[in-house]
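Undergrad: what shape does this take:
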Amino acid sequence: MNRRSLLELLGLAAASATATATIPSGSAAPQRPTRRWPSLLGPIPLPSDGLTAKQQQHTYRRIALHDRLDVPTGYRSDVLLSWGDRLGKGAMGFNNDYLAFSALDADRALLTINFEYISAQTWCAGYAEAHGRTLPFAALQEALQTTGGRLEPNTAETNAALQAMAVAVAAAALEDLGVGVACLVRQSDGSWRHQSEAQERRIHGLSGLKEPGQQLRSSGPAAAVFRRTDRQGYDDGLGDRVIGTFANCAGGQTPWGTVLSAEENFQTHVVEAVYADGSSPPPSERPFEFSRKRIAGLGAPFGLAGNKYGWMVELDPRRPEQPAVKHTWLGRFRHEAVGVRARAGEALVVYSACDRHSGHLYRFVSSERVRDPSDPANSRLLHNGRLEVAQLQADGSGRWLLLHPQTPLAPLRPSHYERFGSAGLIEVPHSDRRQAGAERLRSDAELERYCQRFPRLADLYPGQGEEQMGAILIDAHLAANAIGATPTARPEDTEIDPITGDLLISFTMSGSDETGSPDPAIFQGPNQQTPWPFGWVMRLSDSPADPAEAGGHFNWRMAATGGTPWEGGLGFANPDNLAIDRQGNVWMVTDRSNSNASTDIFGKNSCWLLPGAANPGEEALLFASGPMECELCGPCFDREEHTLFLAVQHPGEQHGCHHSGDEEMQAFTLQDRTGKRFEQLRTVPLGSNWPSGVPGRNPRPAIVAIRRTQGGALLPAG
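TA: Sure, this is the predicted structure:
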C-alpha cells in the first residue's frame, strides 16, 4: 500500500499537511510554568509533555522519526569514540555497552567500556571500513551452506581452508568483544575528548591465547573445579587461568576504584550446561555458526571451556599491567548488573542479576568486614564469602536463600503458575547426574518425586569442600531454581541509591521462553496483567548483611512501571541500565527489541529522567532519543556531573545501512490526557547511517558525551 492510500484509509489525508510533528533535533516540549526539568517530545503523548489534550492530538497526529541522537534544547552531544578507533594497542570493539568514568585528576580521566556482542549484518558490512582490512565473509558463508551454516567438528578436520576461514572470522569477532579502557582529556570549553595514552587497554575474547601472561585469573571455589584433573567433562588444560572475556554487558564500580564487568549472554558462544562436578561438555557441543544474520559458537574454534564464562570480571583501569580476575563467589549465570555496598564495619555486599525470562536476583556477602571502603585491598574480600538468591513474596516482603550444599530443595511449584492461568515449568539440574544441563518439572507430582530423590543441593553436586561449592556456583541458575528462588522478569541493572541506600532494579519485561517465565504473582501490569511486556523499576530495601549469619529479609515495591500512560504506565518501555545522580534522580535507558512489534508504539530507544528517585506516581521525562534501531546503554557521569556519557549500541541492527527513501509508514491508536482516542501516522526510516549521517554509509556503535551548550551542571540544582 502506498503512502497516500494509507493516509486515506486512516482518514488523515486532509490533516496531514497541517498536523505534522517531525520531532526535530533539540526540540523541547512546551513547559509548564513550574517545570524545571529538560525534556523532549516523544512519539506518544506523555503526562510530562506540557500539552493540553487538544494540543496533544494536533502534535502527535503525524510524526516522523529521525536517524539521529536527539537531546533537549540547550544541550549538545559529541561523539567521543566509535567502533574501530584506536584504543591502546588494539581498537574500539563492537556494540559498546556499560561505561565507567574514573577521574585521574581535574582534567584527565579513564573511561572503561564493555563490548557486548556482534550484530552480524552491520558488523560484516562495516568491518573493512572500521578495521582497514577484509575478512572472507562471502566465501565462508558459501562454504557453510552445505552444513546449515555450522562448522561441524568432522568438517573442520577434512577441510583446512574452511577451518582457516572460520578461525579468522571467529578471532576477529572475539577481538571486537570484551573490555576497553580509554583516556579522556578535558578541553578548555569543558568538553571531554579522547586522547591516546599509555594507560589505555584492551581485554578481548582471546586475551591470553597467544600470550599466556595476558590470561585472566580466577578466584573462589570454582577455581578448584578448574584445577581438577579428574572430571566428568572437558579439560582446556589451563587450570584456573582463563582465555579472555566476552559478552560483557552491564557493570559497576567499586569504592576502591576498580570496575566490575558482567559476562551476560555467554551461552551464545560456549556451552552453558555443566556436569554435576561443574565441568563443561566439549566445545563442539556449541559449534561455530556464521551467516550475515547470525554469528555464534565463537569459542568452539579455540577450544574454550564453557564453565569459565558467565562470571563477574574485576579490573583496575588505573593499572593496565594487573591481570583481570573472574570472581567465582559471585556465581556463574547470565550476569547483567552489579551494585556494590561497601560500608566501614560491615560485610561487603555485591548485588547482581541474571538477564533471562526466569533469571534471579543475587547477593554476595563477604566473610570479612570492610575497614576502609576506599582501600584497594578490598578486592580480596571478593575471594571468600557466600552467595544468596532472592525469594520475593507478593505482599512486598522477601528473604535471601543461601546457595550451599546443605540447603534443602524447594522449587516453585508448577501449580503456582496454573493459578494465574499460565503453564509454568521449572528447570532444575538433570536427574541423571551423568548428563549435563537441566530437566523440566511440569507438575507438582514430578517436583515431589525429584525432591524426594534429591533433598539437598549436596545430593545434586557430589564431592566436598571447595570443589562441591564451586560446582554449585558454576551451575548457579539451576541450583537457585532448585532451592526456590523467585524467577524474575529479565533483571538488567542493580544500582544503589546514594541517598536512601535502597537497591533499584530494572526489570526489562515479563515474557517467557523454553527455560521458564517470571513469577506471575510478583510481575504484573497496572491492572494485574500477566505477562506485562513493558517492564518495571523496583525499589528494594535490604537488611544489613551479617558475615557470620546467612540469610536475611528485605522489602520491595515497584517504583515505576513501563507502558503507555493510558494503560497505567509512565510512557517508557523496557527499562535497562540505570544511573543515579547525587540529587537522587534516576537516569534510565531502554532496551526495546527491534523484533518486538508490540512495542513499536514507543518508537526509538531512549534515555529517561525520573526525578526524585522514581517515587510512585511521579512522571518520567524523555531526555534523549537514539538513532534508528539502536539501544542506548551505560549512562554514567563525569565527577562534577556536568557530562552524561552514553553508549549507542547496534544502530541499524534490523535493516542495516539506510539508503535515501528507505522508510515505512506505521499507524497507531493513541489517547490524549483526557482519554480520548485518535489516530497517529508515523514515518519511520529503515536502517541507520549514524554517526556519519551520510546516506549509504554503514552505521557504527559509538560513545557520546552530552552536556549543556553553555556548560555547567547537567540539571538545575535544588
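
Undergrad: C-alpha only now, for contacts and for neighbours.
TA: Fine.

Undergrad: what sits against residue 706?
TA: With contacts taken as C-alpha atoms under 8 Å, 6 or more residues apart in numbering, residue 706 has the following neighbours: 75-78, 643-646.

Undergrad: in what helix or strand does residue 141 lie?
TA: helix 137-143 (DSSP states H and E).

Undergrad: now do the helices in the chain.
TA: 3-10, 53-60, 120-131, 137-143, 153-158, 160-175, 222-227, 414-418, 444-453, 465-474, 476-483, 611-614 (DSSP state H).

Undergrad: of the ones you listed, which is nearest residue 321?
TA: Of all the helices of the chain, helix 160-175 sits nearest to residue 321, with 18.9 Å by C-alpha to C-alpha.

Undergrad: quick one: residues contacting residue 545.
TA: Applying C-alpha under 8 Å, 6+ apart to residue 545 gives the contacts 346-347, 349, 365, 551-552.

Undergrad: now, which of these lie within strands?
TA: Residues of the contacts of residue 545 located in strands (DSSP state E): 347, 349, 365.

Undergrad: and of these, the nearest to residue 404?
TA: Taking C-alpha to C-alpha as the measure, residue 404 lies nearest residue 365 of the ones in strands among the contacts of residue 545, at 13.2 Å.

Undergrad: can you tell me how far the closest one is from residue 487?
TA: Distance of residue 365 to residue 487, given as C-alpha to C-alpha, to the nearest Å: 21 Å.

Undergrad: over to residue 211?
TA: Distance from residue 211 to residue 487, by C-alpha to C-alpha: 41 Å.

Undergrad: what does residue 481 give?
TA: For residue 481 relative to residue 487 (C-alpha to C-alpha), the value is 8 Å.

Undergrad: comparing the two, which residue is more hemmed in?
TA: For residue 481 and residue 487, the more surrounded residue by other C-alpha atoms under 10 Å is residue 487, and the numbers stand at 29 against 23.

Undergrad: didn't that one look like it was pressed against residue 356?
TA: No: in this structure, residue 487 is not within contact of residue 356 by C-alpha atoms under 8 Å, at 9.0 Å.

Undergrad: please report the number of neighbouring residues for the nearest residue to residue 101 once chain neighbours are set aside.
TA: Nearest non-adjacent residue to residue 101, counting by C-alpha to C-alpha, 6 or more residues apart in numbering: residue 111, 4.8 Å away. Look at residue 111: counted by other C-alpha under 10 Å, it has 20 neighbours.

Undergrad: skipping adjacent residues, who's closest to residue 450 in space?
TA: Spatial nearest neighbour of residue 450, excluding adjacent residues (C-alpha to C-alpha, 6+ apart): residue 431 at 7.5 Å.

Undergrad: re earlier: does the residue nearest to residue 101 touch residue 185 like I think?
TA: No: if you go by C-alpha under 8 Å, residue 111 and residue 185 don't touch, sitting 10.6 Å apart.

Undergrad: how much space separates residue 456 from residue 403?
TA: Distance of residue 456 to residue 403, computed by C-alpha to C-alpha: 11 Å.

Undergrad: kindly report the same for residue 714.
TA: In terms of C-alpha to C-alpha, residue 714 sits 43 Å off from residue 403.

Undergrad: so which of the two has more stuff around it?
TA: Set residue 714 next to residue 403 and count neighbours by other C-alpha under 10 Å: residue 403 wins out with 26 against 17.

Undergrad: the more buried one reaches residue 388, doesn't it?
TA: Yes: when contacts are counted by C-alpha under 8 Å, residue 403 is listed as touching residue 388 (5.6 Å).

Undergrad: how near is residue 100 to residue 237?
TA: 34 Å.

Undergrad: between these two, which one's more packed in?
TA: For residue 100 versus residue 237, the count of surrounding residues by other C-alpha under 10 Å is larger for residue 100: 25 against 12.

Undergrad: so what's the more buried one bridging to?
TA: On the basis of DSSP bridges, residue 100 is bridged to residue 112.

Undergrad: try residue 385
TA: Here residue 385 sits in beta bridges with residue 366, as judged by DSSP bridges.

Undergrad: so who does it touch?
TA: Applying C-alpha under 8 Å, 6+ apart to residue 385 gives the contacts 329, 364-368, 547.

Undergrad: can we see that at 7 Å?
TA: Taking C-alpha atoms under 7 Å, 6 or more residues apart in numbering, we find residue 385 in contact with 329, 365-367.

Undergrad: one more: residue 135?
TA: residue 169.

Undergrad: local confidence estimate at residue 2?
TA: Reported pLDDT at residue 2 in the predicted model: 35.

Undergrad: now residue 181, nearest residue through space, not along the chain?
TA: In space, and not counting its chain neighbours, residue 181 is closest to residue 112: 4.4 Å by C-alpha to C-alpha, 6+ apart.

Undergrad: measure the one you found to residue 102 for me?
TA: As for residue 112, its distance to residue 102 is 8 Å (criterion: C-alpha to C-alpha).

Undergrad: the more surrounded of these two?
TA: More crowded of residue 112 and residue 102, by other C-alpha under 10 Å: residue 112, with 28 against 23.

Undergrad: strands of the stretch 1-150 of the chain, start to end?
TA: Along the stretch 1-150 of the chain, the stretches classed as strands by DSSP state E, counting those that start in this stretch are 20-21, 62-64, 75-82, 86-87, 90-91, 96-105, 108-115, 150-151.

Undergrad: that should have said the stretch 301-450 of the chain, apologies.
TA: Shown for the stretch 301-450 of the chain, the strands assigned by DSSP E, counting those that start in this stretch span residues 312-315, 325-327, 335-341, 347-354, 361-369, 385-392, 397-402, 426-429, 438-441.

Undergrad: to residue 218, which of those lies closest?
TA: Nearest of the strands of the stretch 301-450 of the chain (C-alpha to C-alpha): strand 325-327, 4.6 Å.

Undergrad: partner strands of that closest one and their direction?
TA: strand 217-219 (parallel), strand 312-315 (antiparallel).

Undergrad: out of the ones you listed, which is the most enclosed?
TA: Neighbour counts (mean count of other C-alpha atoms under 10 Å) averaged over each of those peak at strand 312-315, with a mean of 26.

Undergrad: what is the burial count for residue 486?
TA: Using other C-alpha under 10 Å, residue 486 is surrounded by 23 other residues.

Undergrad: scratch that, residue 375
TA: By other C-alpha under 10 Å, 12 other residues sit near residue 375.

Undergrad: ok, residue 519 touching residue 487?
TA: Yes: under the criterion of C-alpha atoms under 7 Å, residue 519 makes contact with residue 487 at 5.6 Å.

Undergrad: rewinding a little: CSV for the strands paired with strand 325-327, including distance to residue 603?
TA: Below are the strands paired with strand 325-327 laid out as CSV (distance: least, C-alpha to C-alpha, whole Å):
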stretch, distance to residue 603
strand 217-219, 42
strand 312-315, 33
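
Undergrad: measure residue 105 to residue 280 for me?
TA: 45 Å.

Undergrad: who has more neighbours out of the two?
TA: residue 280 (29 against 9).

Undergrad: skip the chain neighbours and tell me the closest residue to the more buried one.
TA: Excluding the flanking residues, the one nearest residue 280 by C-alpha to C-alpha, 6+ apart is residue 274, at 4.8 Å.

Undergrad: alright, I will stop here.
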